[in-house]
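Undergrad: pasting the structure only:
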């Protein structure tokens, strides 16, 4: 549905959603402590989501390129690391990071690295898929693919799914924070994020419903912003009445 919207209109939609939510938080914050927590949670969600996406993309691109087009030993290493991290309980990892990181910035950056491993494996799989679809039958590896062609054509084509997946980072952060709060694994002195509203005992109050709706709006806006435009459909071949001459 959003593929037909121009990139400029998508940017305006994303900025408009951000402005509306910031204005809403500013107006509601003085009403009650719960509304103040909603406003602070909005600030944290936007700032932490931006940091997570930036760190994740910074980690994912070099790792994904090396795993998808570099030495096979690095591919096997990334596979092992992703399998190991995926085997650990997510709430346990979040609780360990909360205890390890003395400040919120360290916690958010650590989550960005974990998200970057997921995106790196996604980028690796996309690069391998595109290379398998090549008609020249070239083998895997940057040594057999011209570097200019790889950077100009193949890598931009593989980055589309990575950015689409990165647009869910805010929703992923809030869901993880809410689950950690609900399980009682979150430190009591941690920041008043939306996880306290959504994972607490009063999850159906107005501030919690506003937080859930804000997460949905931010996710839809980022998804629309990062989703690549639809490829132009090839023109229909109505035939010209001519046929190729038979091979001799």
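TA: That came in fine, so what should we check first? Being a predicted model, the structure only gives us computed values, none of them experimental.

Undergrad: Grab the longest helix from this protein for me.
TA: Ranked by number of residues, the top helix in the chain under DSSP state H is helix 33-69.

Undergrad: tell me how far it is from the chain's mean position?
TA: 8 Å (C-alpha atoms, centre = their mean, to the nearest Å).

Undergrad: Sort out which residues of that helix are buried, please.
TA: Using 16 or more other C-beta atoms under 10 Å as the test for burial, helix 33-69 gives 34-42, 44-46, 48-49, 51-53, 55-57, 59-61, 63-69. In this view, the C-beta of every residue, glycine as well, is placed from N, C-alpha and C.

Undergrad: If we ignore the residues flanking it in sequence, what's nearest the most centrally placed residue in the chain?
TA: Residue closest to the mean C-alpha point of the chain, counted by C-alpha atoms, centre = their mean, is residue 166 at 1.2 Å. Nearest-residue entry for residue 166: residue 53, 4.9 Å, with adjacent residues in sequence omitted and distances by C-beta to C-beta, 6 or more residues apart in numbering.

Undergrad: what's the answer for residue 158, then?
TA: With sequence-adjacent residues excluded and distances taken as C-beta to C-beta, 6+ apart, residue 158 is closest to residue 126, at 4.1 Å.

Undergrad: on contacts alone, who are the packing partners of whatever helix or strand the one you found lives in?
TA: Residue 126 is part of helix 104-132, with elements assigned from DSSP states H and E. If you count contacts as 3 or more C-beta pairs under 8 Å, 6 or more residues apart in numbering; DSSP states H and E, helix 104-132 packs onto helix 33-69, helix 72-87, helix 90-100, helix 155-166, helix 169-182.

Undergrad: Residue 123 and residue 156 touch, don't they?
TA: No: in this structure, residue 123 is not within contact of residue 156 by C-beta atoms under 8 Å, at 11.6 Å.

Undergrad: More neighbours: which of the two?
TA: The residue with more neighbours, out of residue 123 and residue 156, is residue 123; 26 against 11, by other C-beta atoms under 10 Å.

Undergrad: what about the residue lying closest to that one once chain neighbours are set aside, distance to residue 110?
TA: Among residues not flanking residue 123 along the chain, residue 64 sits closest, at 2.9 Å (C-beta to C-beta, 6+ apart). Distance from residue 64 to residue 110, counting by C-beta to C-beta, to the nearest Å: 19 Å.

Undergrad: host element of the residue nearest to residue 168 when sequence neighbours are not counted?
TA: Counting by C-beta to C-beta, 6+ apart, the nearest residue to residue 168 once its immediate chain neighbours are dropped is residue 219, at 6.1 Å. Element membership for residue 219, per DSSP H and E: helix 206-226.

Undergrad: now for that helix, which elements pack on it?
TA: Other elements packing on helix 206-226 under the criterion 3+ C-beta pairs under 8 Å, 6+ apart are helix 7-28, helix 33-69, helix 155-166, helix 169-182, helix 194-198.

Undergrad: got the contact list for the residue nearest to residue 166?
TA: Contacts for residue 53 (C-beta atoms under 8 Å, 6 or more residues apart in numbering) come out as 112, 115, 166, 167, 169.

Undergrad: Quick check: residue 82 touching residue 117?
TA: Yes: using C-beta under 8 Å, residue 82 is in contact with residue 117, at 5.5 Å.

Undergrad: Residue 31: what secondary structure?
TA: Under DSSP: H, G, I helix; E, B strand; the rest coil, the three-state class of residue 31 is coil.

Undergrad: mind checking pLDDT for it?
TA: pLDDT recorded at residue 31 is 80.

Undergrad: again with residue 85
TA: For residue 85, pLDDT reads 83.

Undergrad: Over to residue 56?
TA: Residue 56 is assigned 92 on the pLDDT scale.
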